[in-house]
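Student: Can you look at this prediction? I've put the sequence above it.
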Amino acid sequence: MDAIRVDNLTKRFDGLTAVDNVSFSVGEGELFGLLGPNGAGKTTTINMLSTLLKPTSGDAAVAGFSVTKDRDDVRKSIGIVFQEPALDSKLTGRENLEFHAMMYGIDKAERRRRIAEVLELVELSEKSRVLVENYSGGMKRRLEIARGLIQRPKVLFLDEPTLGLDAQTRRNIWDYIEKLNGEARVTIILTTHYMEEADFLCERIAIMDNGRFVALDTPPRLKDLLGGDVVCLEVEGDPGPLIDGFKSLDWIKGCSRHEETLNLTMEKGERRIPELITVAQRYGVSVACVQLRKPSLEDVFLHFTGRTIRDREAGTVERNRTMMFPHGRR
Amino acid sequence: MINWTAIYVMWLREMKRYMRAKSRVFGSLAMPLFFMAFLGLGFNRMPVPGISEDVNYIRFLVPGILGMTLLFSSTMQGLSVLWDKEFGFLKEIMVAPVSRVSLVLGRIAGGITTALIQGMLILLLSLLMGFRIAGVGQFLLALVFMLLIGFTFIGLGLIFASKMKDMQGFSIVMNFIVFPLFFLSGALYPLGNLPVFVRVLSYADPLTFGIDGLRGALIDVSSLPIALDLAIMVGFSLIMVFLGAYFFEKTESA
């Protein structure tokens, strides 16, 4: 059984179609990413899957339960970490976890055990009796991840889990996420607009833009769609005959020369490097330096939408801000 | 449908927050206390038309201020949904696998407890200022009215909080709903002194009957029969709590 099945899910907010006829499925134990700029519809999708929003049309099954018909069963099966903090800052970290566990009907002894366990996991045991208002951004995030795990969810939603965190904390959160998915085999759906985050963590990625999926595959295969890697050779000696030699090889898809450097496009560049050097030597050219450049998801996004994710955000951030915070709060 | 643990959790959360917010406790007592002290002292020697000679003004005022305290703290409790919206905690509550009815009941339980504590503190302060309650029976009757006032205005707060998106609406409710309800209720002077067209509005204000009932219980002076006050307040509180719960259930939190 799939952990998640989504059929033609659509959400319209008066006039604006936030999620437009999206269908996909996520396997059990998979770490699935929704990647896209702000305003692409990632959070709206998550909110529908977690029963916070009712879809305008279409349906989805989470852990086998319909998000429109069996909302309570869905809620029992999931954990969610929201994009914006959803903690009670006037309570301590432990109290936040305690209240959450009680809401999920976990009895006292089990509660104590699980709270100790999740606090350990996110390394907050020492700070559990401090009021949350005194926590740093990273600590709050970790506490929320811990809270999302207490009820042992089948599916965990992480909405921009590292938004606004420093590089060190982000790295740690990535480790927790991998640990969860690896050891506990929790199915995880995460949204992000950080390319490297999606690339590093996710087994499969859906690229979202304007409420639609524009691509869905594993990160390597998404990147392979672009025609492969670029290998840069810095050569000594006359490269003229060598260029003709490279062009005659069918696995080299492109070859261009920029002063002393040859840029070659090919699939699986790292496996071809030894061969490239041998060919060069045969033509009496020595190679001084080799560089391999893998295409990034940024290139993939550019390929599918015609714009970089940053261009997109520069264009939409202002609109979103006025939409989300009409009275300029924060 | 009704999840007792969830109700308890919501109530306990409110208690913890209340006990920790010392400034909130004192801050919300300050205004009623000042009203009681300065209005009371200022008008005590003056005959106020509509109040009989043998009831001095402080005695007349205390039930009014008690009603005011309950009005403000209950409405605030109902509106506290807005804080949870603002700080995101509402989402955490809304995805919990418990019925919305339980969440509303828990909120109301927490709200009525804090409102009653506030009311008791004011009553205690009034005793220090020389106010006297005739007996236990009178006190218990007053307690019933305090509960009914509390439920009514928690319901009102919930209705507004469920309909509003952010904190901007808060001051509007306070200035254009709560203060008029207070002034129209006859907390400060007998309603007989108001022109007829204003008095009509007063009789649409639940607090009017709440305070009249409190006066009947605490100082044995009321303009309507106390049983009528009681019946009307039971009606108002049921309607308000029902509507508050209904609208809260309808809110989309994301």
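Tutor: Cool, got the structure.
Student: show me what contacts the closest residue in space to residue A:6 that isn't next to it in sequence?
Tutor: Spatial nearest neighbour of residue A:6, excluding adjacent residues (C-beta to C-beta, 6 or more residues apart in numbering or on different chains): residue A:60 at 4.3 Å. Placement of C-beta: from N, CA and C, glycine included. Contacts for residue A:60 (C-beta atoms under 8 Å, 6 or more residues apart in numbering or on different chains) come out as A:4-7, A:9, A:48-49, A:66-67.
Student: ok, how many other residues are close to residue B:172?
Tutor: If you count neighbours by other C-beta atoms under 10 Å in any protein chain shown, residue B:172 ends up with 11.
Student: scratch that, residue A:262 is what I was asking about
Tutor: Residue A:262: 22 neighbours (other C-beta under 10 Å).
Student: where's it relative to residue A:254, distance?
Tutor: 11 Å (C-beta to C-beta, to the nearest Å).
Student: Please list the members of the contacts of residue A:60 that lie in helices.
Tutor: Counting by DSSP state H, the contacts of residue A:60 place A:48-49 in helices.
Student: How about the secondary structure of residue A:290?
Tutor: Following DSSP: H, G, I helix; E, B strand; the rest coil, the label given to residue A:290 is strand.
Student: How about it: which residues does it bridge to?
Tutor: residue A:233 (DSSP bridges).
Student: Just the closest of the contacts of residue A:60 to chain B, please.
Tutor: Using C-beta to the nearest C-beta, residue A:48 comes nearest to chain B of the contacts of residue A:60, at 8.9 Å.
Student: Would you agree the closest one is in contact with residue A:19?
Tutor: Yes - between residue A:48 and residue A:19 there is a contact under C-beta atoms under 8 Å: 7.1 Å.
Student: what does chain B put close to chain A?
Tutor: Contact residues (C-beta under 8 Å from any C-beta of the partner chain) of chain B with chain A: B:3, B:5-6, B:8-9, B:12-13, B:16-17, B:20-21, B:86-99, B:166-168, B:252-254.
Student: buried residues in stretch A:78-98?
Tutor: Buried residues in stretch A:78-98, defined by neighbour count with 16 or more other C-beta atoms under 10 Å in any protein chain shown: A:78-83, A:85-98.
Student: Revised request: answer the last question for stretch A:47-57.
Tutor: For stretch A:47-57, using 16+ other C-beta under 10 Å, the buried residues are A:47-53, A:55.
Student: Let me see the contact set for the most centrally placed residue in chain A.
Tutor: Taking C-alpha atoms, centre = their mean, the centroid of chain A lies closest to residue A:198, which sits 3.3 Å from it. Counting by C-beta under 8 Å, 6+ apart, residue A:198 touches A:33, A:35, A:192, A:205, A:219, A:297.
Student: Which ones among the residues you listed map onto strands?
Tutor: A:33, A:35, A:192, A:205 (DSSP state E).
Student: ok, and of the buried residues of stretch A:78-98, which contact chain B?
Tutor: Near chain B, by the rule C-beta under 8 Å from any C-beta, you find A:78, A:80, A:82, A:85-91, A:95 out of the buried residues of stretch A:78-98.
Student: Among the residues you listed, which one sits closest to residue B:201?
Tutor: residue A:90 (37.9 Å; C-beta to C-beta).
Student: which one is the closest one nearest to, not counting chain neighbours?
Tutor: residue B:17 (4.8 Å).
Student: Double-check that that neighbour belongs to a strand.
Tutor: No - counting by three-state DSSP, residue B:17 falls outside a strand, being helix.
Student: list the contacts for it?
Tutor: Neighbouring residues of residue B:17 by C-beta under 8 Å, 6+ apart: A:88, A:90-91.
Student: ok, back up a step: ok, and of the buried residues of stretch A:47-57, which contact chain B?
Tutor: Counting by C-beta under 8 Å from any C-beta, A:47, A:50-53 from those sit close to chain B.
Student: which of those residues lies closest to residue B:181?
Tutor: Closest to residue B:181, out of all of these and judged by C-beta to C-beta, is residue A:52, at 33.7 Å.
Student: how close does the closest one get to residue A:199?
Tutor: Taken as C-beta to C-beta, the span from residue A:52 to residue A:199 is 28 Å.
Student: residue farthest from the centroid of chain B?
Tutor: residue B:97 (30.8 Å).
Student: Make sure that one is indeed in a helix.
Tutor: No - using three-state DSSP, the secondary structure at residue B:97 is coil, not a helix.
Student: Leaving out the residues flanking it, which one is nearest to it?
Tutor: residue A:75 (3.9 Å).
Student: what does residue A:72 give?
Tutor: residue B:97 (5.4 Å).
Student: Now do the same contact list for that neighbour.
Tutor: Neighbouring residues of residue B:97 by C-beta under 8 Å, 6+ apart: A:72, A:75-76, A:103-105.
Student: go with 10 Å
Tutor: Residue B:97 is in contact with A:51, A:71-78, A:103-105, A:151, B:3, B:6, counting by C-beta atoms under 10 Å, 6 or more residues apart in numbering or on different chains.
Student: circling back to that earlier point, can the contacts of residue A:60 go into JSON lines with extra columns for pLDDT?
Tutor: Shown next, in JSON lines, are these (pLDDT from 0 to 100):
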{"residue": "A:4", "pLDDT": "95"}
{"residue": "A:5", "pLDDT": "95"}
{"residue": "A:6", "pLDDT": "95"}
{"residue": "A:7", "pLDDT": "94"}
{"residue": "A:9", "pLDDT": "94"}
{"residue": "A:48", "pLDDT": "94"}
{"residue": "A:49", "pLDDT": "95"}
{"residue": "A:66", "pLDDT": "95"}
{"residue": "A:67", "pLDDT": "94"}
